[in-house]
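Student: Structure of the sequence below:
(chains A and B)
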Number of protein chains: 2
Amino acid sequence: MKVHVPKKTLAETLAHVERIIPSRSSNPGLSLLRIDTTTEGIELSGSNMDIDIRSRFTADTEGEGSYALPAHVFSQVVRALPGDVVEMEFDDKELDLASDTFATKLQLMAPSSAPELSFPAKLEGGLDAAALVKALTSVRYAAAVADYQAVFRGVKLEFGASTTRAVATDGFRLAYYHVETSSGLEGDVVVPARSVDELARIVTEGEVELGLSEGQLSVHSGPFSLNLKLMEGTFPDYERIIPQTFSVSVTVDAPKLSEAVSRVALMADKTANNRVDLFVKDGSLQITAEGSYGRSQESMDVLQEGTDPEIALAYNAKYLVDALGPVAGDVRLSFSGGGPASSPPSVLADLGDPSYLAMVVPLRTG
Amino acid sequence: MKVHVPKKTLAETLAHVERIIPSRSSNPGLSLLRIDTTTEGIELSGSNMDIDIRSRFTADTEGEGSYALPAHVFSQVVRALPGDVVEMEFDDKELDLASDTFATKLQLMAPSSAPELSFPAKLEGGLDAAALVKALTSVRYAAAVADYQAVFRGVKLEFGASTTRAVATDGFRLAYYHVETSSGLEGDVVVPARSVDELARIVTEGEVELGLSEGQLSVHSGPFSLNLKLMEGTFPDYERIIPQTFSVSVTVDAPKLSEAVSRVALMADKTANNRVDLFVKDGSLQITAEGSYGRSQESMDVLQEGTDPEIALAYNAKYLVDALGPVAGDVRLSFSGGGPASSPPSVLADLGDPSYLAMVVPLRTG
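Tutor: Model (predicted):
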């Protein structure tokens, strides 16, 4: 079984597949790459249990065959090849791989040792790839990192009749991004945040096909097919906790505000929620922080609106900076005070892109 | 005590000083930056016990004063400043620092809590900075990383009457680089490899002044003054172990050989010295490696010379790749075989730069 393939095609495809496959696993079969040759070309596949991935590309092959070998060693060798073309010859035990002056013989495993994967041939839904990636990457920061109920470590995708929405929350902050087109799918699913990161790297342009089946979201994008395992559990009913009325709001350039908060927060005590204080009055937003090294402050002119003449609230600086991240231009921050014990969540809206909304719960200061 | 200084000057200088000062230390004084203001400008200084560093630059000051504060917090604040100019006002307890819309008050420590440093005013020797850095960076890889006698973890500088030489060895490989000018100093010193790394980063262009005093090498370069603590112990008498005659030598492009060795070595067993085998015969150099994943080989045409028709030797691939690193063009490798139990060291010479020589001890293959 002989195959000829351009090195660039093989290396680029393999890079994505390799990233999914664990380099070490208590289940050694999981670190294998499966290579299937067909009359049209090659399929590379692997899995980390949360994500199954397959990549197909055309190549000059002699027929059908199935093989398996350690993914990371194969990837390292392919990346290092000196020539533009890779010649591979498989037998039952070894892969003979040659490129220019270099040749290697790699031990093969039984293809049955690699995970048994199946990818739906036809998917019923679809979305613009760029819109899907924008939605996912705009909210992903708000997912919890660890030590939380599983569902908080995922991104919810709401497939509606006329919209698609991505939402993430860890209970202290929330973000959603609204795509104004339907995917053709219906229902809500929660995708692990790490799978979202991989999806955003692999899906790049054009149209992405989407399909839902028992416990998984399937994706076709270019040469790649993915099955993303879904999370179980109930996502919180977040709509009802997003405030609709506010006593003060300010409009300000988001990147400038983000920089100022980061700068002031250098003085904040990392063990005390990285606290920064915001004070709004007379069209000025004052940011202050204090800790064992000293105290900092910065003032910015803002467009102030609302019924109250002033407001003072405290936040975890990281949460503010994260929430401002997706906003390239002006942001409107809307606040309500509720006394030192607890204040209602504050809301950030991107004035240049109404699809994005973020919510941050102020720190208790009492 | 007020000071005005451009942010860029302060941030760039501070970056080097901050890198030396430990961010945490069992001796809290060691993590302090000392700031001295004079009528001409500012001096920033600190130490990690192996390296003392001071940087001087002109600034608009009101007079003399000495202060100390945690280096890393100060550096973070300075890097993040929004304006082009920094205004600093020191009193006994606090530094008021302002830049554009931002202001901070940083707690000051007694200057006596910071290390007491002294830098010689005038140094008797000197070298071209680029030549010194080239010498140091060409040999530094051959210093031992750990678990070896201290002196092997340093770079020896031999200040001779007409030459200056840098040498490093870990007992299994050796490198030297020869600068054909005298520094004006006399004697041999061993500088810790980590101090060499810092020196190479700080010394960039022009002339570097050098001075030797009890236990330290002092350096002036641009705005920086450094004292590098020297290592004690006896450096091995390496000259006598560098072979002068060889049975086979080959000439080949160093970067191409380095790539081929790295590529083939992907199959080598990391737990078995990362072994690659070299076989020279009929003007061809064959590189092979074998391990649990499979075996690889690559052949290169070489200019072969010497008295023996062929030779076979084994090496730690990393040692070969390291030794080839400083060579941009053709390298001559000279070998002698001594049977499987032990072979004399092999020698690499840079045909484009006779200043560099490297030696690698073959692996025992018996």
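
Student: other SSEs contacting the helix or strand bottoming out on mean pLDDT in chain A?
Tutor: Least confident element among the helices and strands of chain A, by mean pLDDT, DSSP states H and E: strand A:60-61 (a mean of 88). Strand A:60-61 sits against strand A:2-6, with contacts defined as 3 or more Cβ pairs under 8 Å, 6 or more residues apart in numbering or on different chains; DSSP states H and E. Glycine gets a C-beta too; all of them are placed from N, C-alpha and C.

Student: residues contacting A:T204?
Tutor: Residues near A:T204 by Cβ atoms under 8 Å, 6 or more residues apart in numbering or on different chains: A:129, A:133, A:221-222.

Student: and with 7 Å instead?
Tutor: A:A129 (Cβ atoms under 7 Å, 6 or more residues apart in numbering or on different chains).

Student: cool, the one 5 residues further on as well?
Tutor: The contact partners of A:E209, taken as Cβ under 7 Å, 6+ apart, are A:123, A:126, A:219-220.

Student: May I have the beta-bridge partners of A:S45?
Tutor: Beta-bridge pairing for A:S45 (DSSP bridges): A:R34, A:R54.

Student: Let me see the confidence value for it.
Tutor: pLDDT, A:S45: 97.

Student: Please verify my assumption that it contacts A:S66.
Tutor: No. With contacts counted by Cβ atoms under 7 Å, A:S45 stays clear of A:S66, the gap being 10.2 Å.

Student: residues shared between the contacts of the two?
Tutor: A:R34.

Student: Who has more neighbours out of these two?
Tutor: A:S45 (25 against 15; other Cβ atoms under 10 Å in any protein chain shown).

Student: The more buried one and A:S26, how far apart?
Tutor: 20 Å (Cβ to Cβ, to the nearest Å).

Student: remind me which residues of chain A are low pLDDT?
Tutor: Where chain A drops to pLDDT under 70, the residues are A:147, A:339-341, A:366.

Student: quick one, helices of chain A?
Tutor: A:7-20, A:71-80, A:129-139, A:193-202, A:254-265, A:317-324 (DSSP state H).

Student: how about the ones you listed, which one is nearest B:K7?
Tutor: Distance to B:K7, taken as Cβ to Cβ, is lowest for helix A:254-265 among these, at 12.4 Å.

Student: In CSV, list the C-alpha atoms belonging to the closest one.
Tutor: Extracted as CSV, the C-alpha positions of helix A:254-265 are listed here (Å, rounded to 0.1, in the frame of the first residue of the first chain):
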residue,chain,number,x,y,z
ALA,A,254,-13.4,49.9,25.9
PRO,A,255,-9.7,49.3,25.2
LYS,A,256,-8.8,52.5,27.1
LEU,A,257,-10.9,51.5,30.0
SER,A,258,-9.4,48.0,30.0
GLU,A,259,-5.9,49.3,30.0
ALA,A,260,-6.7,51.7,32.9
VAL,A,261,-8.3,49.0,35.0
SER,A,262,-5.3,46.7,34.4
ARG,A,263,-2.9,49.4,35.3
VAL,A,264,-4.7,50.5,38.5
ALA,A,265,-5.3,46.8,39.5
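
Student: Now that helix: buried residues?
Tutor: A:254, A:257-265 (16 or more other Cβ atoms under 10 Å in any protein chain shown).

Student: Reformat those as a markdown table; add distance to chain B.
Tutor: Shown next, in a markdown table, are those (distance: Cβ to the nearest Cβ, whole Å):
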| residue | distance to chain B |
| --- | --- |
| A:A254 | 15 |
| A:L257 | 11 |
| A:S258 | 12 |
| A:E259 | 7 |
| A:A260 | 7 |
| A:V261 | 11 |
| A:S262 | 7 |
| A:R263 | 4 |
| A:V264 | 7 |
| A:A265 | 10 |
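
Student: Out of the residues you listed, which comes closest to A:N273?
Tutor: Closest to A:N273, out of all of those and judged by Cβ to Cβ, is A:A265, at 10.6 Å.

Student: Quick one: residues contacting the residue nearest to that closest one when sequence neighbours are not counted.
Tutor: Sequence neighbours aside, A:A317 is the residue nearest to A:A265 in space, at 3.5 Å (criterion: Cβ to Cβ, 6 or more residues apart in numbering or on different chains). Residues in contact with A:A317 (Cβ under 7 Å, 6+ apart) are A:261-262, A:265, A:268, A:274, A:276.

Student: which one of the residues you listed is nearest A:A358?
Tutor: A:V261 (13.8 Å).

Student: Report the separation between the residue nearest to A:T245 when sequence neighbours are not counted and chain B.
Tutor: In space, and not counting its chain neighbours, A:T245 is closest to A:S336: 7.3 Å by Cβ to Cβ, 6+ apart. Using Cβ to the nearest Cβ, to the nearest Å, A:S336 is found at 26 Å from chain B.

Student: Verify the contact between A:S336 and A:P344 for me.
Tutor: Yes. Under the criterion of Cβ under 7 Å, A:S336 makes contact with A:P344 at 4.6 Å.

Student: what residues are shared contacts of the two?
Tutor: A:P243.

Student: For the stretch 101-250 of chain A, what lies in contact range of chain B?
Tutor: Selection of the stretch 101-250 of chain A residues close to chain B by Cβ under 7 Å from any Cβ of the partner chain yields A:101-107.

Student: for those residues, which one is nearest B:M300?
Tutor: Using Cβ to Cβ, those come closest to B:M300 at A:T101, 6.6 Å.

Student: For the nearest residue to the closest one once chain neighbours are set aside, grab the count of nearby residues.
Tutor: Once flanking residues are discounted, A:T101 sits nearest to B:E298: 5.3 Å by Cβ to Cβ, 6+ apart. By other Cβ under 10 Å, the residues close to B:E298 number 23.

Student: quick revisit: tell me the most buried of the helices of chain A?
Tutor: helix A:317-324 (a mean of 22; mean count of other Cβ atoms under 10 Å in any protein chain shown).

Student: before we move on, the earlier item: my understanding was that the residue nearest to A:T101 contacts B:S262; is that so?
Tutor: No. Counting by Cβ under 7 Å, B:E298 stays clear of B:S262, with 10.3 Å between them.

Student: chain center to the least confident helix or strand of chain A, what's the gap?
Tutor: Computed by Cα atoms, centre = their mean, to the nearest Å, the chain-centroid distance of strand A:60-61 equals 35 Å.

Student: Next: stretch A:286-302.
Tutor: 32 Å.

Student: got it, and stretch A:122-141?
Tutor: That offset, for stretch A:122-141, works out to 10 Å (Cα atoms, centre = their mean).
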